[in-house]
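Asks: Pasting the sequence and the predicted coordinates here, then a few questions.
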Amino acid sequence: MAGTLQEGIRLFHLKRFEMAVEELLRVNIGTLDKEAASELNYYLGLVFTKVGRLEDALLYLEQVVTANVQPLKVRQCRMTLAYIYAVTKRPEMAEFELQKVVEGGYESALLYSTLAYAAWQQKQGQKAADLYQKALNLDDKNTTALNGLGFVLVDSGIDPARGLQLCQQAVDKNPQNPAYLDSLGWAFFKNGNKQEATNYLQKAGSLAPQEREIRRHIRLLSGASES
């Protein structure tokens, strides 16, 4: 039996993502007009992102961007595409999508933070720091930007002392976030405080034992402590 777009959207908003995937994939796109077809591709792109099928998500999100039917949805698709490209280690493509959003006149802390992350992946430390600062200029309480800028300033050696302060602010706002705890631990290590570094890195490791970056920092700290 053919699925319906309306039911797929309803399931998506109820966060029944696996059911939404099944329903939306049963919709006969040939029976839809251009705008409805774009809406179907939009929700398929989002729901595939939600269930972690990122390569499938790319196919549908790109179709929305190409169709260019609904500007707000195109912008959101570009942001989602950038996220997928960033987490799958394709920073140049992430940057391309985000620059298109910027060219459209849109700014947000999320946008600049994602651009900064893409720059950092390309080993452009100063550019990443500048972009995270732009994010903070728009939202000085944004924890992603606080943590990101703090980590970049510490890890690149640009300003380790300020980086430590920013990482501390991020942890103060979200004390159970393992990524933020890891950044703060690394910041303490880079500022010469191995005891505090150990405390925060061990807590980060206990909350996210499978995270490679946290495990790498713990190994580096252990090696430094033994020498």
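Replies: Thanks, I have the structure now. Numbering: from 1, shown residues only.
Asks: Tell me where the protein has helices.
Replies: 5-13, 17-25, 34-50, 54-67, 71-87, 91-103, 109-121, 125-138, 143-155, 160-173, 178-190, 194-207, 212-226 (DSSP state H).
Asks: averaging pLDDT over each of those helices, which comes out lowest?
Replies: Lowest mean pLDDT of the helices of the chain: helix 212-226, a mean of 85.
Asks: What are the contacting residues of that helix?
Replies: By Cβ atoms under 8 Å, 6 or more residues apart in numbering, the surrounding residues in contact with helix 212-226 are 178, 182, 185-186, 189, 194, 197-198, 201-202, 204-205, 208-209. (Glycine included, C-beta is placed from N, CA and C.)
Asks: what sits against the residue most central in space within the chain?
Replies: With distances taken as Cα atoms, centre = their mean, Tyr83 lies nearest the centre of the chain, 5.2 Å away. Residues near Tyr83 by Cβ under 8 Å, 6+ apart: 49, 94, 114.
Asks: want to throw those residues into JSON lines with distance to Gln63 and neighbour count?
Replies: Listed next are these as JSON lines, based on distance: Cβ to Cβ, whole Å; neighbours: other Cβ atoms under 10 Å:
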{"residue": "Thr49", "distance to Gln63": "14", "neighbour count": "20"}
{"residue": "Ala94", "distance to Gln63": "19", "neighbour count": "27"}
{"residue": "Thr114", "distance to Gln63": "21", "neighbour count": "25"}
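Asks: For Ile29, state which of those is nearest.
Replies: The closest of the contacts of Tyr83 to Ile29 turns out to be Thr49 (Cβ to Cβ; 19.1 Å).
Asks: ok, the residue nearest to the closest one when sequence neighbours are not counted - contacts?
Replies: In space, and not counting its chain neighbours, Thr49 is closest to Ala57: 4.4 Å by Cβ to Cβ, 6 or more residues apart in numbering. Listed by Cβ under 8 Å, 6+ apart, the contact set of Ala57 reads 44-46, 48-49, 80, 84.
Asks: how does it look with 7 Å?
Replies: Residues in contact with Ala57 (Cβ atoms under 7 Å, 6 or more residues apart in numbering) are 45, 48-49, 84.
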